Structures are given as structure tokens and as C-alpha cells.
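S.K.: Below: sequence and its predicted model.
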Amino acid sequence: MALAQQPAVIAPGNNLIVDGIPSIPLSIKEEMQFYSESRSAGFAGWHPINRSMLISTRFGNTNQLHQLAMPMGARRQMTFFEDAVSSGSYEPLQGKYVIFSKDAGGNEFAQLYRLDLETGKTVLITDGGRSQNSSPLWSRSGKQMAYASTKRNGADRDIYIMDPANPSSEKQVLQLKGGGWGVLDWSPDDKQLLLMEYISANESRYWLAEIATGAMEMLTGKDGKKVSYGQAKFAKDGRGIYFLSDQDFKFKRLAYMNLASRSVDYISKMNWDVDGFDLSEDGKQLVFITNEAGQSVLYHLQTTGKAYSKIDGLPVGVYSRPDFHRNGKDIALSVNTARSASDIYVVDITTKKAERWTESEMGGMAPDQLSEPRLVTWKSFDGLEISGFYYGAHPRFNGKRPVVINIHGGPEGQSRPVFLGSNNFFLNEMGVVMIFPNVRGSAGFGKTFIALDNGMKREESVKDIGALLDWIAQQPELDASRVMVTGGSYGGYMTLAVATHYNDRIRCGLDVVGISNFNTFLKNTESYRRDLRRVEYGDERDTAMYAFLEKISPLTNAGKITKPLFIVQGGNDPRVPRTEAVQMADKVKANGGEVWYLEAKDEGHGFRKKANADFQRYATVMFMRKYLLE
């Protein structure tokens, strides 16, 4: 008698730890084919002479650097690594070589490399150890670059200068205390560095450093006020800086500081954050991007005055990385919309016309069949208005729809109306509604809102999700009995916290690289991050705070979880170590709970390799079908 043929299944790679997850039928991969093959393109840098650029996009398993010589031209791949390469810059005089950074297996110990374009040879130019080497920034002369590195002790971020063509020229110019330092700009005469000291989402400072002597002068923060500062650049004449700040205002504004008098003039006058800006090579033109209810708007001004005007012609979406070409006319930026992945556009500042430079493949998805989000609001327990973006299920689905609540990380992140990629499968093929909330503590709503979840207020953001569950129950098209909560990083903590607070109101939870116990997290996160995280979550060395963090941690309350839980983790995660995932999975299983566990040994804080991300997607679809849809 012939044996019945077994259905084909998707075998996990040797790099994956799979526990509690049933065999995944191959049919899920076939169903998702059109939804898992989309790409995106991110701007990396202009060529210094000709009108071509570096971009980061994926044609294999990970994002790599490519050269793009013209609008909509062929993308020529320049780096070929197992691990992702997402940023890089040309040598700024003739473009003879490219400097880029890359970590190993998602461990975030990024090293700097030089790619010689004539020979194709790649050379490691930093120490190659367990150090972070970040923010490489070219001098105005183009002969050196400055960058921050943790190589001295792993915890503090010092400033180094190097001629990348001669790595032995590396010199430490500033020895600093803390993990939040970075280089913002070189002065026009290359004698000073403008530095940022990041303390928290609510507090940072600018410093001026003399390269020759190492002498440092605090530009902001002398009055002791907690002010958040952002990007900053020297004016062309070196007499002042353009910068972003929420000083004496609810939102971050574009401003100019006279370095001689320290007087400040505020340029932007709107009730929205300015996300970023760039200054032309001649210093006469400036563009900046605002975050207006989640959507981006691009503005232009002549630096001889303060009047600015909106630049139309770009798709409605989220913009990033505005960057002037040296010709002073072309501005490149990345644009992401709900119906297209991130692509690169170039705006001509003289005509205000936008030209598309890349059109990334959608993998078979039809843009007009993708859900466009709408902004929804609800009142929380204390009357505070909370908002989020609502992506509806495909219209062909009838009846009350199941809901996925997807909570952003950060915690100072922000959910914005962007392309959902493979998540469109949930909307179009499974009939699920997705809601992306911006709970208190999110960015984009002013400095008061972003501080509302700090310290002992941590669980008030969890209550914002409780209020969202109330709102869902009031919507006639939504099924409040079928809700899944998910999120990554801090959103992973929120997922676990919601699962303990509102166990009886959700069907299941999916935690991706989430914090399960704040005290063990602060003990085990990499040392360069620890003090920065203590400002946000609380200092566990204080006995009262330790007790509070222990009390609210999901691990402490794991006994309240009776609904199925899926935990996803990167084995090399330096931010939220794998121990956070393992201890939570073990605790819930010991309590008799249903736990699916997936860990990739070659990933860090989230999956960046397509093969790993695909397996996570397939397992997620199976998890949702079993526990959310049935």
C-alpha cells in the first residue's frame, strides 16, 4: 500500500532556532510570493563631480551599495557582503574611493571600510574589534574625516580624525565621557568640530571643539534647561550655525545662532517638528523637511532672509535625507508612501520640479490595490487624545474584521503613513485591519508629549492601548474579540505589557526583540547605551526605581498571560540581548502557556537578511491564521 504523500514544508536554515513553531507548509510561501519581493532604495551620497549618486538597495539577501549614473538608470552594485551595507560616501574631491560602514551579523559594532573604485579592493580602516565607529564626516578640504568610536573602553564615544587613504594617520582628538557623542560638522576653515552630546530625547547639547588643542566650549545647555537639539551645520562664513531646537517651544524649529553674540533667530514658525535640513555648498540656499501630522513637507529659503516657501510636486509621503549636490541646484531625498516603497527623487531648486531617480520593484503588488491609511484618534484614560494610522482591509472582505495593533519602538519613535511591504498581505489576503498607534512618549507631537511616559509614568502608555481596545469595540466594522498586538524593540515591551494588562481582551501577541524585564535589560544592554537608556526608563541603581521596574516588567507578570505568544529575537542583538527573549519564553512556557520562539543566530536588533525575514513572515501568517482568524 502506497504511503500518503506528505505536504511540502519550509525547512528553517541552520542559522535559525525554532521552538514550538509547527512545520510551515510551502503553500504559505507561494501565497506570499508577490508580497515578499518588493525592494526599496535609499539615498547614500552624491558623486562630488558628476551628477551621479550612491544608493542602497537589495538584489540579493541584504541591502548593498549601488551606483546610479542617471535618473531611472541601471543600478550597478558596488559592495557584495553577507551583511547589509546601507550608508556610504564618495571621497569628496574626485570620487576615487567610497567609505562605508558595516557590522557583522547585526551586532552593530560597525567598522569603516574603504572601497577603491579603480581596483575594486575593500580595505578595513578601523580597528575591527568590538567597537562602534559612527558618523564619519568629511572635512571641508576633503582630506580627512572625523568620526566617533567606542574603541577605547566600549562605553565612551571618543572623536577621531583620519585620512582614509592612510589609515595609520588616525588620531584621537577628543576623549569624552558617555555614549551619546557625535560629529555634526567641520568649521569652514577645518579648525573646529561642531559636536552633539545626546543625553535623552528631551535633552542634548552642542559643543565647539578646537582640533589643534582639544579645547571644548559648550554652546548650549549652560542654563541647565532641558532642551532637545537636532541636526546642525556651520554657515558658509563660519560666523554662525543653522540648527534644530525645541528651546522655548513645543516643537523643534529651524534656527540660526550667531557664534560671536550667541544670539538666536528662529526661522520656522509652524507648530510642527522640523525633521532635517541641508545647506547648499555656497551657503545661499537651504531646504528643510517638516513632519506635519505624520506627512512630510519640503520647504526652501534663501539664507539672505527668513522667508520660506513650500516645494510641491513630490508624492504625499514621508521624506528623509535632503542632500544638495555641489552644483547648488539639485537636492536628493528619499520618499516613502503608502503605495510605494522608499525611492529617490531629485528636486531642482531653481524650477522647483521633482524628478524620480529610482522606481523600486513592488514584487507583483499593484499600487492601486494597497490600502491608504487614515488618521484616527481616541481619548485615553486621562482624557489625553491619542492618534494612530488605520490601514483598512481589502474591500472584498465582509463582516467585522480582525485587528492587528502594531506598536512602534523607540520609545520615542513615531508611526507614520508609509509603505507596509509584506504586511499588505494581511490586509489584502487575510482581511485584517492594521492600526499603528502613537502612544504618549512618541515623537512628532511636541516635547511635552514625548516625556509623558518617562520614569514612573511608564505604564500610562500601556493604558493608551487599553483605550484603543475600547475604541475598537465601538467601531461597527471591527471585531473586538479578535485582536492581536505586536511591536518591535520598545514596541515588543509594549506587546508583552499589553498581554499582561489586557490578556482577556486580545487573542494573541507577537513580540519582536522586546524588553521583558527592565532591570535585566539595563544590566545586559551594551555599555555604550546603558546610561542613555537609564535617562528614559529610570536608573535601576536607585532602590525605589529598581523595585518599580521589577514590579511593572512583563517577566514579573508573565503568569497573567494565557493567550498564545510568538517571540522573535536576533542572537547578536546588542540593544535588547537575547536573554530578554529567552527568559520570557521560558517563564510563559513554565506557566503552561503557548509560546512560539524564533531566533536568528546571524541577526541583531531585528531581521535584515531577506531569508530570515521571509521565514519570520511565513511563521507569522501561520500564527495569525491559527490564533487570530479562527
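M.R.: Alright, I've got the coordinates.
S.K.: Does the helix or strand in which M494 is found pack against any helices or strands, and if so which?
M.R.: Element membership of M494 [criterion: DSSP states H and E] is helix 490-501. On a contact count with 3 or more Cβ pairs under 8 Å, 6 or more residues apart in numbering; DSSP states H and E, helix 490-501 meets strand 401-407, helix 458-473, strand 478-488, strand 508-512. Yep, even glycine has a C-beta here, placed from its N, CA and C like the rest.
S.K.: go again using 6 Å as the cut-off
M.R.: Taking 3 or more Cβ pairs under 6 Å, 6 or more residues apart in numbering; DSSP states H and E as contact, the helices and strands that helix 490-501 lies on are helix 458-473, strand 478-488, strand 508-512.
S.K.: what's the most buried one of those?
M.R.: strand 508-512 (a mean of 27; mean count of other Cβ atoms under 10 Å).
S.K.: That one: what's the following helix or strand?
M.R.: Per DSSP H and E, the first helix or strand lying C-terminal to strand 508-512 is helix 518-524.
S.K.: angle of the next helix-or-strand element following that following helix against helix 458-473?
M.R.: As assigned by DSSP H and E, the chain's next helix or strand after helix 518-524 is helix 527-537. Helix 527-537 runs at 70 degrees relative to helix 458-473, counting by axes from the mean of the first three to the mean of the last three Cα atoms, to 10 degrees.
S.K.: what's the closest of the helices and strands packed on helix 490-501 to A332?
M.R.: strand 478-488 (28.5 Å; Cβ to Cβ).
S.K.: Sheet partners, orientation included, of that closest one?
M.R.: Using DSSP bridges, strand 478-488 pairs in its sheet with strand 401-407 (parallel), strand 508-512 (parallel).
S.K.: Give me the mean pLDDT for it.
M.R.: The average pLDDT within strand 478-488 is 98.
S.K.: Same question for stretch 243-250.
M.R.: Mean pLDDT, stretch 243-250: 94.
S.K.: Ok, which of the helices and strands packed on helix 490-501 comes nearest A84?
M.R.: That would be, of those and by Cβ to Cβ, strand 478-488, which comes in at 16.7 Å.
S.K.: Can I get that closest one in CSV, CA atoms only?
M.R.: The C-alpha trace of strand 478-488 is given here as CSV (Å, rounded to 0.1, in the frame of the first residue of the first chain):
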residue,chain,number,x,y,z
LEU,A,478,-14.1,45.9,13.7
ASP,A,479,-14.2,42.6,15.7
ALA,A,480,-13.0,43.4,19.3
SER,A,481,-12.9,39.7,20.1
ARG,A,482,-10.1,39.1,17.5
VAL,A,483,-7.2,41.4,18.3
MET,A,484,-3.5,40.7,18.0
VAL,A,485,-0.9,43.1,19.5
THR,A,486,2.6,43.3,18.1
GLY,A,487,5.7,45.5,18.1
GLY,A,488,9.4,45.6,17.9
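S.K.: can I get the helices and strands packed on helix 490-501 in a markdown table with distance to I28?
M.R.: Shown next, in a markdown table, are the helices and strands packed on helix 490-501 (distance: least, Cβ to Cβ, whole Å):
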| stretch | distance to I28 |
| --- | --- |
| helix 458-473 | 27 |
| strand 478-488 | 17 |
| strand 508-512 | 16 |
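S.K.: ok now stretch 281-290, how far from the chain's centre?
M.R.: Centroid displacement of stretch 281-290 relative to its chain, using Cα atoms, centre = their mean, to the nearest Å, is 24 Å.
S.K.: typo on my end, it should be stretch 327-336
M.R.: 21 Å.
S.K.: now do stretch 289-298
M.R.: Counting by Cα atoms, centre = their mean, stretch 289-298 comes out at 17 Å from the chain centroid.
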